[in-house]
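In: next input, structure requested:
(one chain, ligands or ions: 2)
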Amino acid sequence: MKLGRLNHVGVATPSIEQSLAMYRRLFGAEPSSPAFDLPAQGVKVCFVDAPNSQIELIEPLGPDSPIARFLEKNPQGGQHHVCFEVPDIETARAHFERLGARILGPTRIGAHGTPIFFLHPKDMGGMLTEIMESPKQAH
Ligand SMILES: CC[C@H](C(=O)O)C(=O)SCCNC(=O)CCNC(=O)[C@H](O)C(C)(C)COP(=O)(O)OP(=O)(O)OC[C@H]1O[C@@H](n2cnc3c(N)ncnc32)[C@H](O)[C@@H]1OP(=O)(O)O
Ligand SMILES: [Co+2]
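Out: Ligands and ions are numbered 1, 2, ... in the order given. All right, here's what the predicted structure looks like:
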């Protein structure tokens, strides 16, 4: 399976507002849309566009969020995961299962409204890796 497009870099933050203020000050960057909650994933999300990818700012929604645990270890936040696109999520899941890479949890709908899953950082050289089905091209 070829490595697909780098859809986004996930950046954990204790405050999306503080992170947006920093991107605004240093890059004149604005979010591509208002922040929104993904309760099922335990995160509040906001995207800042780069020419060929995005920064995905992710803030914990409550103490059980996977981001809350990350921030306990990294209080300032920082690079949390990367996300690569695939044409078909089930084909990708079967591919990684066949190769013995640990898949974290069920396939579920991610922040772009398409199915996603995560590969364990220990099987990706220390990099938590999200696999996301590419959005369908609008006709
Ligand atoms: C889905 C919505 C949105 C989208 O784009 O669509 C998102 O991206 S939401 C992103 C938030 N959701 C997730 O991260 C789900 C997947 N993550 C997990 O299942 C956990 O966070 C997990 C398993 C990666 C870590 O779980 P936990 O923190 O409870 O375990 P430990 O602290 O014991 O960590 C185990 C081991 O992994 C290392 N670790 C933890 N987090 C990361 C990370 N982000 N990158 C790299 N490595 C990480 C941690 O240091 C431990 O290593 P060890 O050597 O044992 O200390
Ligand atoms: Co993500």
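In: what ranges do the helices span in this structure?
Out: Applying DSSP state H to the chain gives helices spanning 16-27, 66-73, 89-98.
In: pick the most deeply packed of those helices.
Out: The highest mean neighbour count among the helices of the chain, using mean count of other Cβ atoms under 10 Å, belongs to helix 66-73: a mean of 16. Using the backbone N, CA and C atoms, a C-beta is placed for each residue, glycine as well.
In: same question for it, mean pLDDT?
Out: Mean per-residue pLDDT for helix 66-73: 97.
In: how close does the closest residue to ligand 1 within the chain get to ligand 2?
Out: Scanning the chain for the residue nearest ligand 1 gives G110, at 2.6 Å (criterion: Cβ to the nearest ligand atom). Here G110 is placed at a distance of 6 Å from ligand 2 (Cβ to the ion, to the nearest Å).
In: report pLDDT for that residue.
Out: G110 carries a pLDDT value of 97.
In: doesn't E130 make contact with it?
Out: Yes - judged on Cβ atoms under 8 Å, G110 makes contact with E130 at a distance of 7.2 Å.
In: which one's more surrounded, these two?
Out: G110 (24 against 21; other Cβ atoms under 10 Å).
In: got a list of what that one touches?
Out: 38, 41, 116, 130, 132 (Cβ atoms under 8 Å, 6 or more residues apart in numbering).
In: once you drop chain neighbours, what's closest to the last one?
Out: Here the nearest residue to M132 in space, its sequence neighbours aside, is I116; by Cβ to Cβ, 6 or more residues apart in numbering that works out to 4.6 Å.
In: surely that neighbour touches L104?
Out: No - counting by Cβ under 8 Å, L104 is not a contact partner of I116; they are 10.5 Å apart.
In: who has more neighbours, those two?
Out: Taking neighbours as other Cβ under 10 Å, I116 and L104 compare with I116 leading, 23 against 14.
In: now do the contacts for the more buried one.
Out: 83, 89, 107-110, 130-133.
In: change it to 6 Å
Out: The contact partners of I116, by Cβ atoms under 6 Å, 6 or more residues apart in numbering, come to 110, 130, 132.
In: as JSON lines, these with distance to C46 would be great.
Out: Formatted as JSON lines, those follow (distance: Cβ to Cβ, whole Å):
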{"residue": "G110", "distance to C46": "14"}
{"residue": "E130", "distance to C46": "16"}
{"residue": "M132", "distance to C46": "17"}
